[in-house]
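# can you look at this prediction? I've put the sequence above it.
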Amino acid sequence: MNNNMVDSLELLIEEAQKGDIPAFEKIVKSHQSYAYAIAFRFVCDEDDAEDIVQESFIRIWKHLQDFDPGMKFTTWMYRIVVNLCYDRIKMNKRRTRVFARLNSNSSTEDCIDKFDLGQELSNKDMASLIKSLADGLSDKQRMIFLLRDLQDLTIDEVADITGMPESAIKTNLFYARQSIRKKLAPAEARI
Amino acid sequence: MKCKELQHLLYSARTEELNPAEWESIKKHLAGCKACSTVFQNISNADRLLARLKGTVPRIRNEHALTESIIVEIVNARRLAADTGTTPFLDRLDALFTKEIIRFACGIIILMCGMSYVSMEYNDTKAIAHLEQRLDEKSKISRANIFQQEINVLNFLRELYGLSNGTISSVELTNTLVLMKKADLQTLLNGYKTLDEASRTRLNEIWDKYKREESSFIGSEKNREEVAALQKEIERLKKELEQNNLKKGRP
């Protein structure tokens, strides 16, 4: 984000804090895709991801007065999104055990083989790939991998968002990368 | 650098996260190790796929609809708040508990309540122990006083018996005992008209001594009352503690 965008975001936040809904609408428009990317990559379901984004922005609106201007808005937003993602996964696990069922249906290799790597991936393809790659990882490991390696956030930002110490992030990241790279490497090596 | 060390580094870090020294050391190792070169190649291939995955950002099915649904929710919540003249109770409660200071204060209050509860229980037990100790002391004093009084009475009777030169009967001694309880020396002396003046004076002296000593036991009655009160208080506290334990399901 360039300086003008940051300035205008600060102004929009100030206006929204005064109760200006159109200003908040602009914030939603400019940030919902970032929130969605995290939510979708974590829950791997379009409906759930949209629910999380909606709930996140409602929560942001409610607590906008508590927003610390010293903090990056996206970091604060990601923190809310991440917490809601964990809540949703917990709820889904209790309800249907969807992940266990889906993961048992297809192997990683089958899933990777389905992709035409030269073409753009659809949301559905992406969900299948992430699910099969993340199989066997804990929610925490999956989230850290997602934030660091797919969202390209720094370790410091990941620490701010998850509230975990840097050392724990590095350890979880190591296990996640090792597991995912090992699953991807044999398939890629054949190409 | 050993193979295990190198592979650990390759799996845990992205290429751009490696510092120049580590990178140099890896390159040197890879040049002479075929197994690690294969691992490195595989990891590089995997990273290419991951880069492709990273570059593919999930798309919202209908961005406009999503924004609108968020704004509609917010407007509805605001309208509801305006209609009721206030923010819904749960929202206000939620907002209150997000404040760090409120959460901290609640934590402190809960902690203090817990400590005070434990301390009250501890104080009850301590109070009972203290009262039991006092009761024990008072009982000892009480028993000692009663014992001493009995000795004094016997001494008095022995002296009287001696003064009458063994002429006093057991019935008379019993009467003496009754009169002693009534603290009536005159009636007692009237009953012993046969005693000479010296014996009467001696009996007067012994009586005085007996009364003096008995007066030092005036506290005895008070002591007995205190003992009774202590026993009552201990019973009450024990009952209270027992009821509390029953409420908590403790034996």
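Here it is on my side, so go on.

# could you report the neighbour count for B:Phe156?
19 (other C-beta atoms under 10 Å in any protein chain shown). Any C-beta I mention is one placed from the backbone N, CA and C, and that applies to glycine too.

# likewise B:Asp124?
Number of residues near B:Asp124 (other C-beta under 10 Å) recorded here: 15.

# is it correct that it is in contact with B:Lys239?
No: B:Asp124 lies out of contact with B:Lys239 (C-beta atoms under 8 Å); the separation is 11.1 Å.

# for B:Glu235, identify the helix or strand it belongs to.
Taking DSSP states H and E as the criterion, B:Glu235 maps to helix B:218-247.

# quick one: mean pLDDT for that helix?
Averaged across helix B:218-247, pLDDT comes to 70.

# what do you get for stretch A:128-144?
For stretch A:128-144, mean pLDDT rounds to 88.

# by mean pLDDT, which helix or strand of chain A comes out lowest?
Scoring the helices and strands of chain A by mean pLDDT, DSSP states H and E places helix A:98-105 at the bottom, with a mean of 49.

# against B:Gly191, how distant is B:Asn155?
B:Asn155 sits 19 Å away from B:Gly191, taking C-beta to C-beta, to the nearest Å as the criterion.

# how is the chain divided into domains?
Going with chain A. Domain assignment for chain A by automatic domain parsing gives A:1-95, A:110-191.

# ah, I was thinking of chain B
B:3-55, B:63-98, B:121-247.

# minimum distance to A:Glu46: which of these has it?
domain B:63-98 (10.7 Å; C-beta to C-beta).

# for chain A, give me its nearest residue in the stretch 51-200 of chain B.
B:Pro58 (4.1 Å; C-beta to the nearest C-beta).

# and that residue, what's its pLDDT?
B:Pro58 carries a pLDDT value of 89.

# so what's it closest to, chain neighbours aside?
Distance criterion C-beta to C-beta, 6 or more residues apart in numbering or on different chains; nearest residue to B:Pro58, sequence neighbours excluded, is A:Phe40 at 4.1 Å.

# number of residues surrounding residue 20?
All of this is about chain A. The burial count for A:Asp20: 13, using other C-beta under 10 Å.

# wrong one, chain B
7.

# point to the residue nearest the middle of chain A.
For chain A, the residue sitting closest to the mean C-alpha position, by C-alpha atoms, centre = their mean, is A:Ile38 at 1.8 Å.

# just the element for it, please.
For A:Ile38, the enclosing helix or strand under DSSP H and E is helix A:21-43.

# again, but for B:Ile102
Short version, using DSSP H and E: B:Ile102 is in helix B:100-163.

# sorry, back to before: so what does the residue of the stretch 51-200 of chain B closest to chain A look like in phi/psi?
phi -60, psi 140 (degrees, to the nearest 10).

# that one reaches A:Val43, doesn't it?
No: using C-beta under 8 Å, B:Pro58 is not in contact with A:Val43; the gap is 10.7 Å.

# contacts only, for the residue nearest to B:Pro58.
By C-beta atoms under 8 Å, 6 or more residues apart in numbering or on different chains, the contact list for A:Phe40 reads A:46, A:49, A:123, A:126-127, B:58.

# ok, so of those residues, who is nearest A:Gly70?
Ranked by distance to A:Gly70 (C-beta to C-beta), these are led by A:Ala49 at 29.4 Å.

# residues contacting the closest one?
By C-beta under 8 Å, 6+ apart, the contact set of A:Ala49 is A:36, A:39-40, A:43, B:58.

# that one sits in which helix or strand?
Following DSSP H and E, the helix or strand that holds A:Ala49 is helix A:46-62.

# can you mark which positions in that helix are buried?
Under the neighbour-count criterion of 16 or more other C-beta atoms under 10 Å in any protein chain shown, helix A:46-62 has A:46, A:48-62 buried.

# could you give the angle of that helix to helix A:21-43?
140 degrees (axes from the mean of the first three to the mean of the last three C-alpha atoms, to 10 degrees).

# okay, helix A:46-62 in PDB with CA atoms only?
Output in PDB follows, covering the C-alpha atoms of helix A:46-62 (Å, rounded to 0.1, in the frame of the first residue of the first chain):
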ATOM      1  CA  GLU A  46     -16.700 -20.500   0.000                       C
ATOM      2  CA  ASP A  47     -19.800 -20.200   2.100                       C
ATOM      3  CA  ASP A  48     -17.800 -20.500   5.400                       C
ATOM      4  CA  ALA A  49     -15.200 -18.000   4.100                       C
ATOM      5  CA  GLU A  50     -17.900 -15.400   3.200                       C
ATOM      6  CA  ASP A  51     -19.500 -15.900   6.600                       C
ATOM      7  CA  ILE A  52     -16.200 -15.300   8.300                       C
ATOM      8  CA  VAL A  53     -15.500 -12.100   6.300                       C
ATOM      9  CA  GLN A  54     -19.000 -10.800   7.100                       C
ATOM     10  CA  GLU A  55     -18.700 -11.600  10.800                       C
ATOM     11  CA  SER A  56     -15.200 -10.100  10.900                       C
ATOM     12  CA  PHE A  57     -16.200  -6.700   9.500                       C
ATOM     13  CA  ILE A  58     -19.200  -6.600  11.800                       C
ATOM     14  CA  ARG A  59     -16.900  -7.200  14.600                       C
ATOM     15  CA  ILE A  60     -14.500  -4.600  13.300                       C
ATOM     16  CA  TRP A  61     -17.300  -2.000  13.100                       C
ATOM     17  CA  LYS A  62     -18.400  -2.800  16.700                       C
END
